[in-house]
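>>> Next one to model:
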Amino acid sequence: MDKTNSKRWFIAIMGTLLQVVLGTVYAWSFFQKPIIAEYGWSNVQTMWIFSMAILFLGLSAAVGGMILPKYGPRKLASIGALLYGVGYLISAYAMFISSLTLFYIGFGVIGGIGLGLGYVTPVATASKWFPDKKGFITGMVVMGFGLGALLMSKVIAPIFVSITQGNMVQVFLYIAIVLMVIGIPAGLSMKNPPAGFAPKGYSPPIKSATNQGFEDRLTIKESLLSSKFMGMWLIFFLNISAGIMFIGLQSPMIQDLFRIKDATMSTEALAMAGATLIAISSLFNGVGRFLWGGLSDKIGRIQVFRLILGSQILIFILMMFTGNPWLFGILVCYVLLCYGGGFGAMPSYVLDVFHAKLMPVIYGVILTAWSIGGIVGPQVAAFIRDFYVNTPEMIGPRTYMAGTILLGIGFIVTLTLTNKSITEGKW
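Okay, here's the model as predicted:
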């Protein structure tokens, strides 16, 4: 393996490691109950800490994509990792003084901004080093984000909870140190390839003089206002909304099914079943980003999104009628596989459709779909739970019906999109 090839793989691996650090945010449900029990905040109040983090993740990713060319990947990625760690430090102090507002600012705003700056950078950077494996490598990098929840919920957090005997202030303090010790060096490893870089044996696709000229004149505004961008944003948003709406419900849903099947199951056994499903499904979330991203290299980006959205429609419909907790768990894992798949395929789709120089900006803006989906999905699920509070047996079916509708709209939109560059197809 030549030196240049080794370097690009090193950057891809460090980018994946940074994503693992950032992906620990998806383990928030691990902390939800202990924090509520300790401080007496409501479920809604506490869940908004996580929702704000996802909101600011998407918003700051959009800004990060715009300023990435100016400040460079090393500075942006390392600052992102630092801010995420600082978010945990502020959160520890917020719990020490019992301030929910400061918790929102620390974990939600500052930590969320760090997440966004850190997330967009390794994806955009690694894709420049691998023009020959765009879907594969961006899928690999964002796979780390999906695996972060598994690492946090099964390794890091349990260790510190045990060491501190459940003192959440100390737990967050120690987690902050670990995340910064791993994340900041990974961020400092990010570097763009030299001008004119091309992997050995790779020949970039030949473009007509007309297309190349138009592509060079293409502006950010024209790209963001194009029908292609709007369609891509919409399918991303709808896939995220359906998946993240479901993520927060998987544990109580499978516990309800086990309780119906065996009324003698203890509370501890039910909780363990829910936690196990979260851990296994988070693994599928990570693998899905890698799997679907690599598959998109072979069959096409929009074809992958049609499979992701279309197959999930069948899964959500099946969920309305299943009462078997084991089958339910399998279906959950497939939903998470597809949820992660959207994140794995979208970066390379953006690269194919838009000018490579505009990729950080376009991809950053498209991540605002994550921000909006992270609010819409959970709020739809919360509304259904409140509306059917007196008929709990309707909560699951109605939730899955809502997800089916979102996915159905997304699938219809995919039929209007193609894999062609914006310079070749309709705007």
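>>> make it CA atoms for all contacts and neighbour counts henceforth
Noted.
>>> Outline the domain layout of this structure.
Using automatic domain parsing, the domain parsing of the chain gives 1-193, 210-427.
>>> Let me see the mean pLDDT of the shortest one.
Averaging the model's pLDDT scores along domain 1-193 yields 89.
>>> Export the helix or strand containing M232 to CSV, keeping only CA atoms.
Counting by DSSP states H and E, the element that carries M232 is helix 227-247. Taking Å, rounded to 0.1, in the frame of the first residue of the first chain, the C-alpha atoms of helix 227-247 are listed here in CSV:
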residue,chain,number,x,y,z
SER,A,227,-36.0,21.1,-7.5
LYS,A,228,-33.4,18.4,-7.2
PHE,A,229,-32.2,19.7,-3.9
MET,A,230,-35.7,20.2,-2.6
GLY,A,231,-36.6,16.6,-3.5
MET,A,232,-33.5,15.2,-1.9
TRP,A,233,-34.1,17.2,1.2
LEU,A,234,-37.7,16.0,1.4
ILE,A,235,-36.9,12.3,1.1
PHE,A,236,-34.1,12.7,3.7
PHE,A,237,-36.5,14.5,6.1
LEU,A,238,-39.3,11.9,5.7
ASN,A,239,-37.0,8.9,6.2
ILE,A,240,-35.5,10.6,9.3
SER,A,241,-39.0,11.6,10.7
ALA,A,242,-40.3,8.1,10.4
GLY,A,243,-37.3,6.5,11.9
ILE,A,244,-36.6,8.9,14.8
MET,A,245,-40.3,8.9,15.7
PHE,A,246,-40.0,5.2,16.2
ILE,A,247,-36.6,5.1,17.9
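>>> thinking again about what came up before, just the domains of the chain: most buried one?
Among the domains of the chain, judged by mean count of other C-alpha atoms under 10 Å, the one packed with the most neighbours on average is domain 1-193 (a mean of 22).
>>> Helix, strand, or coil at Y339?
helix (DSSP: H, G, I helix; E, B strand; the rest coil).
>>> Nearest residue to it in space, please, no chain neighbours.
G243 (5.5 Å; C-alpha to C-alpha, 6 or more residues apart in numbering).
>>> Would you mind confirming that that neighbour makes contact with L336?
Yes: in this structure G243 lies within contact range of L336 using C-alpha atoms under 8 Å: 6.8 Å.
>>> Figure out which of the domains of the chain is closest to P199.
Comparing the domains of the chain by their distance to P199 (C-alpha to C-alpha), the top pick is domain 1-193, with 7.4 Å.
>>> how about the residue nearest to Y339, what does it touch?
Taking C-alpha atoms under 8 Å, 6 or more residues apart in numbering, we find G243 in contact with 335-336, 339, 377, 403.
>>> Just put those residues in JSON lines and tack on distance to A195.
Listed next are these as JSON lines, based on distance: C-alpha to C-alpha, whole Å:
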{"residue": "V335", "distance to A195": "40"}
{"residue": "L336", "distance to A195": "38"}
{"residue": "Y339", "distance to A195": "35"}
{"residue": "G377", "distance to A195": "42"}
{"residue": "G403", "distance to A195": "45"}
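>>> now, which of the residues you listed sits nearest N419?
Y339 (20.4 Å).
>>> Is the closest one in contact with V287, as I believe?
No: when contacts are counted by C-alpha under 8 Å, Y339 is not listed as touching V287 (10.5 Å).
>>> top helix in the chain by residue count?
Across the chain, the longest stretch assigned as helix under DSSP state H is helix 267-299.
>>> What helices and strands are in contact with the helix or strand just after it?
Where DSSP H and E defines the elements, the next helix or strand beyond helix 267-299 is helix 301-319. Helices and strands touching helix 301-319, by 3 or more C-alpha pairs under 8 Å, 6 or more residues apart in numbering; DSSP states H and E, are helix 267-299, helix 325-353, helix 395-414.
>>> one step back: of the contacts of G243, which one scores lowest on pLDDT?
G377 (85).
>>> what's the strand or helix carrying that residue in contact with?
Per DSSP H and E: G377 is located in helix 368-387. Identification of contacts with helix 368-387 by C-alpha under 8 Å, 6+ apart yields 51, 54-59, 61-62, 233-234, 236-238, 240-246, 248, 392, 395, 398-399.
>>> And for stretch 168-177?
34-35, 85-89, 91-93, 95-96, 156-157, 160-161, 164.
>>> Tell me which of those fall in helices.
34-35, 85-89, 91-93, 95-96, 157, 160-161, 164.
>>> which one of those sits closest to K191?
G85 (21.7 Å).
>>> Could you report the pLDDT at S348?
85.
>>> So it versus G106, what's the distance?
Distance from S348 to G106, counting by C-alpha to C-alpha, to the nearest Å: 32 Å.
>>> and what of G403?
Counting by C-alpha to C-alpha - G403 and G106 are separated by 32 Å.
>>> Over to I405?
35 Å.
>>> With S189 instead?
26 Å.
>>> Likewise for M359?
From M359 to G106 the distance is 30 Å (C-alpha to C-alpha).
>>> Also G183?
Taken as C-alpha to C-alpha, the span from G183 to G106 is 18 Å.
>>> shaky segments in the stretch 301-427 of the chain?
The stretch 301-427 of the chain contains residues with pLDDT under 70 at 356, 423-427.
>>> 80 - rerun?
Residue ranges of the stretch 301-427 of the chain with pLDDT under 80: 323, 355-360, 378-379, 382-383, 385-386, 389, 392-393, 395-396, 421-427.
>>> Give the next helix or strand downstream of the helix holding M232.
Criterion used, DSSP H and E; the element after helix 227-247 is helix 250-261.
>>> chain center to that following helix: distance?
With C-alpha atoms, centre = their mean, to the nearest Å as the basis, helix 250-261 stands 25 Å off its chain's centre.
>>> Lovely, talk soon.
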